[in-house]
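Student: My questions are about this predicted structure, shown below with the sequence.
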Amino acid sequence: MIRIKKKFGVRTECGKGFAIIKLKFTSLDQNQILNVCAMVTHMSASGTAAHRAQQLKNAYDITEKARCDFTVFAGDFNSRLHCRVPQDDWKVPMYSRCKPSKDGDFSSNCKKRNEERIKSNQKNTDSSMQYVLAEFCTKDGEETTSCSLHKSETMQADELVQVLQNEYIECFEGEDVNDAFENEANWKMEPFKNPLSRLISESQGWKELDVPDFTPTYKVGECSGTDFGEVWEGHIESGKCWHNEDQKGKHNPAWTDRILVAGKDHIRWTRELYQTVQSKHSVADHLPVFGKFLLSPGQEFIIDD
């Protein structure tokens with residue numbers, strides 16, 4: 001038996017925030033109750049990593065007040081590739097690297113990176129989009145065949161990975177300038193203590209179904225078939241393309257759409273599937289994600305409600 005118990009909502013700015021609905025599952029003998037909550041979000045891309053991390057903490061606090069035994073949290077978390085990677089000496093975020101100037105020039109760091117790629121028989125990264133795809137995707141000829149954040153040594157560039165794993169978060173904040181490349185003056189490293197750090201240390205709080213082992217979910221559209229596409233587009237299996245017509249770092253491929261879960265100690269869950277849903281007919285500039293998991297409440301889940 002399922003019935004809607006309560007609804008909560010939090011608004012952070014116009015059109016952005018999250019909402020929660022609580023479902024009560026009752027056993028046939030009425031002696032066991034399990035409160036399962038579902039949350040959705042569209043977080044702001046204009047805020048900082050610290051702002052979004054705090055919103056995740058606020059969302060978790062609401063699940064506590066709602067007395068949720070298990071929560072599924074899905075949506076557009078607007079996580080971008082702008083955080084510091086260990087052993088990485090770049091002074092600009094990953095999504096803004098190898099970005100040519102108006103004259104087509106590249107920074108010394110990017111030229112060095114391209115020399116390394118040529119030595120290993122890989123293609124030059126002639127734009128920041130190509131740099132991102134080269135870091136996370138493997139190719140068969142000109143077509144992108146597979147991408148993974150999970151299998152990459154640079155997964156810490158992803159904001160949400162840091163928020164879900166690290167006590168201290170280090171991300172670049174600043175302005176991505178269209179007509180300049182890798183200008184260190186535009187960026188500042190702004191480390192902060194993760195508001196979720198206590199929960200992480202106690203093995204509580206939000207957990208992702210898995211670090212994404214699928215293609216970036218943003219920014220997606222129709223392939224142009226022009227010279228523009230050689231530098232600022234990347235093919236996806238569905239026949240769509242990642243595209244970045246305004247050449248901003250924030251519009252380069254990223255895993256913005258994710259699924260998180262949180263459960264009490266007596267709840268056990270096992271991920272069975274976590275992937276993108278690709279369709280030639282989608283009109284959105286995001287790829288939706290789909291998750292399947294097995295939920296086991298354990299032997300004792302009688303809740304005083």
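Tutor: Received, thanks. Numbering: from 1, shown residues only.

Student: shaky segments in the stretch 201-305 of the chain?
Tutor: For the stretch 201-305 of the chain, applying pLDDT under 70 flags the ranges 225-230, 238, 281, 298-305.

Student: Kindly recompute the last result at 80.
Tutor: Filtered on pLDDT under 80, the stretch 201-305 of the chain yields the residue ranges 224-231, 237-239, 278-283, 296-305.

Student: first to last residue in stretch 250-260, what's the distance?
Tutor: Distance across stretch 250-260, first residue to last, is 22 Å (Cα to Cα, to the nearest Å).

Student: what's the spacing between it and its chain's center?
Tutor: Here stretch 250-260 is found 4 Å from its chain centre; the criterion is Cα atoms, centre = their mean, to the nearest Å.

Student: Kindly report the same for stretch 62-79.
Tutor: Counting by Cα atoms, centre = their mean, stretch 62-79 comes out at 16 Å from the chain centroid.

Student: Stretch 249-267 too?
Tutor: 6 Å.

Student: Please apply the same query to stretch 157-167.
Tutor: 10 Å.

Student: again, but for stretch 237-250
Tutor: Distance of stretch 237-250 from the chain centroid (Cα atoms, centre = their mean) equals 16 Å.

Student: now N78, what's its secondary structure?
Tutor: Three-state call for N78 (DSSP: H, G, I helix; E, B strand; the rest coil): coil.

Student: where along the stretch 51-200 of the chain do the helices fall?
Tutor: Using DSSP state H, counting those that start in this stretch, the helices of the stretch 51-200 of the chain run over 108-119, 128-136, 159-165, 197-201.

Student: With V211 as the reference, name the closest of those helices.
Tutor: The closest of the helices of the stretch 51-200 of the chain to V211 is helix 159-165. By Cβ to Cβ, the value is 6.4 Å. Heads up, the C-betas are built off the backbone N, CA and C, glycines and all.

Student: Not counting its own residues, what contacts that closest one?
Tutor: Applying Cβ atoms under 8 Å, 6 or more residues apart in numbering, the contact partners of helix 159-165 are 49, 52-53, 56, 77, 79-83, 149, 155-156, 169-171, 194, 196, 200, 205-208, 211, 255, 258, 260.

Student: returning to what we had before: can I get the helices of the stretch 51-200 of the chain in a markdown table including mean neighbour count?
Tutor: Formatted as a markdown table, the helices of the stretch 51-200 of the chain follow (neighbours: other Cβ atoms under 10 Å):
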| stretch | mean neighbour count |
| --- | --- |
| helix 108-119 | 14 |
| helix 128-136 | 24 |
| helix 159-165 | 23 |
| helix 197-201 | 15 |
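
Student: Identify whichever of these lies nearest to E272.
Tutor: Among the helices of the stretch 51-200 of the chain, helix 159-165 comes nearest to E272, with 20.1 Å by Cβ to Cβ.

Student: what mean pLDDT does the closest one have?
Tutor: Mean pLDDT, computed over helix 159-165, is 97.

Student: just stretch 29-38 next, same as before
Tutor: pLDDT averaged over stretch 29-38 gives 83.

Student: Start and end of it, how far apart?
Tutor: Stretch 29-38 has its terminal residues 25 Å apart, counting by Cα to Cα.

Student: Go ahead and confirm C171 touches R52.
Tutor: No - contact criterion Cβ atoms under 8 Å: C171 and R52 do not qualify, at 9.8 Å.

Student: out of these two, which sits in the busier spot?
Tutor: Shown here are C171 and R52; by other Cβ atoms under 10 Å, C171 has more neighbours (25 against 22).

Student: so who does A254 touch?
Tutor: Taking Cβ under 8 Å, 6+ apart, we find A254 in contact with 79-81, 95, 132, 158, 216-219.

Student: Could you measure from the nearest residue to G205 once chain neighbours are set aside over to K91?
Tutor: For G205, ignoring the flanking residues on the chain, the nearest one in space by Cβ to Cβ, 6 or more residues apart in numbering is L199 at 3.1 Å. L199 sits 32 Å away from K91 when distances are taken as Cβ to Cβ, to the nearest Å.

Student: One more: L273?
Tutor: Taking Cβ to Cβ as the measure, L273 falls 39 Å from K91.

Student: circling back: please tell me the pLDDT value assigned to the residue nearest to G205.
Tutor: Reading off the model, L199 has pLDDT 93.

Student: Show me what C83 bridges to in the sheet.
Tutor: Under the criterion DSSP bridges, C83 forms beta bridges with C171.

Student: Just give me the neighbour total for it.
Tutor: Using other Cβ under 10 Å, C83 has 26 neighbouring residues.

Student: Show the contacting residues for it.
Tutor: C83 makes contact with 49, 93, 156-159, 161-162, 169-172 under the criterion Cβ under 8 Å, 6+ apart.
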